[in-house]
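> Output the structure for:
(2 chains)
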Amino acid sequence: AQSVTQLGSHVSVSEGALVLLRCNYSSSVPPYLFWYVQYPNQGLQLLLKYTSAATLVKGINGFEAEFKKSETSFHLTKPSAHMSDAAEYFCAVSSGSARQLTFGSGTQLTVLP
Amino acid sequence: DTEVTQTPKHLVMGMTNKKSLKCEQHMGHRAMYWYKQKAKKPPELMFVYSYEKLSINESVPSRFSPECPNSSLLNLHLHALQPEDSALYLCASSERDLDTQYFGPGTRLTVL
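Presented below is the predicted three-dimensional model:
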């Protein structure tokens, strides 16, 4: 069985501040982990993915995430928030024979001027 | 190019109507997916096609009928829907099962 927990359904940061969105996963086998972003009334866009190569993964738009097996975490960070980063962010896991993505409940990021 | 296209962008239908949603990808992906997403919620998997065969049906009501005519095209036929079926319907594709999924922009469905 696999699951994802995103801590904080809403996160607000000031423009230029650090963005930290938290994701913890549960999987009985080595997982693949993903972060997707969704802007209003749009589909999901892949930000980055972890597939058992480097533990620090760099994605688009300046985002990165670090896979920490000991903490079963895959937190998303960006050093300096931009107004255009305001969106819903989903962490997701796929593993073993699950053959499907399991999504977290999502985190709404608000960027304050 | 990682583009998945979906048509129509918006659809309004009555409970007695029959309509279809269309999804297309030209990346050579062999797995395609339908998801349903309600407001402020994560996507929920409905169907998975792998090599043009239905491999997963997540106990979806029969008023939703998927079809995969070829490896590039995925349809979702709708009939006798209920107002609670109103949602954003997302299509996705991946090279194979378990590979990275790429999503289309979605079809916003409203059932009156």
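> Which strand residues bridge the residue most central in space within chain B?
Nearest to the geometric centre of chain B sits B:W34, at 3.2 Å (C-alpha atoms, centre = their mean). Counting by DSSP bridges, B:W34 is bridged to B:F47, B:C91.
> Now do the contacts for it.
B:C23, B:L45, B:M46, B:F47, B:P66, B:L74, B:L76, B:Y89, B:L90, B:C91 (C-beta atoms under 8 Å, 6 or more residues apart in numbering or on different chains). Where C-beta positions appear, they are placed from N, C-alpha and C, glycine not excepted.
> can you tell if the helix or strand B:E24 falls within touches chain A?
If you go by DSSP states H and E, B:E24 is part of strand B:18-25. No: applying C-beta under 8 Å from any C-beta of the partner chain, one finds strand B:18-25 out of contact with chain A, separated by at least 10.8 Å.
> So for stretch A:41-55, mean pLDDT?
Taken as a whole, stretch A:41-55 has an average pLDDT of 90.
> ok so, going back, what's the closest of the contacts of B:W34 to A:V4?
B:L45 (13.8 Å; C-beta to C-beta).
> Same question for the strand or helix carrying that closest one: list its buried residues.
Element membership for B:L45 (DSSP H and E) is strand B:44-50. Within strand B:44-50, the residues scored as buried using 16 or more other C-beta atoms under 10 Å in any protein chain shown are B:L45, B:M46, B:F47, B:V48, B:Y49, B:S50.
> and what of stretch B:11-30?
B:L11, B:M13, B:K19, B:L21, B:K22, B:C23, B:E24, B:Q25, B:H29, B:R30.
> Spatially, which two of these are the most separated?
It's B:M13 and B:R30 that sit farthest apart of the buried residues of stretch B:11-30, by C-beta to C-beta, at 30.8 Å.
> What residue, apart from its backbone neighbours, is nearest the residue of chain A found nearest chain B spatially?
Closest approach between chain A and chain B, counting by C-beta to the nearest C-beta: A:F103, at 3.6 Å. Leaving aside its chain neighbours, A:F103 sits nearest to B:P42 (3.6 Å; criterion: C-beta to C-beta, 6 or more residues apart in numbering or on different chains).
> Any idea how many residues pack against the residue in chain B that chain A sits nearest to?
Residue of chain B nearest chain A, by C-beta to the nearest C-beta: B:P42 (3.6 Å). Using other C-beta atoms under 10 Å in any protein chain shown, B:P42 has 22 other residues around it.
> pLDDT wise, what is it at?
B:P42 is given a pLDDT of 96.
> name the element it belongs to?
Here B:P42, judged by DSSP H and E, is contained in no helix and no strand.
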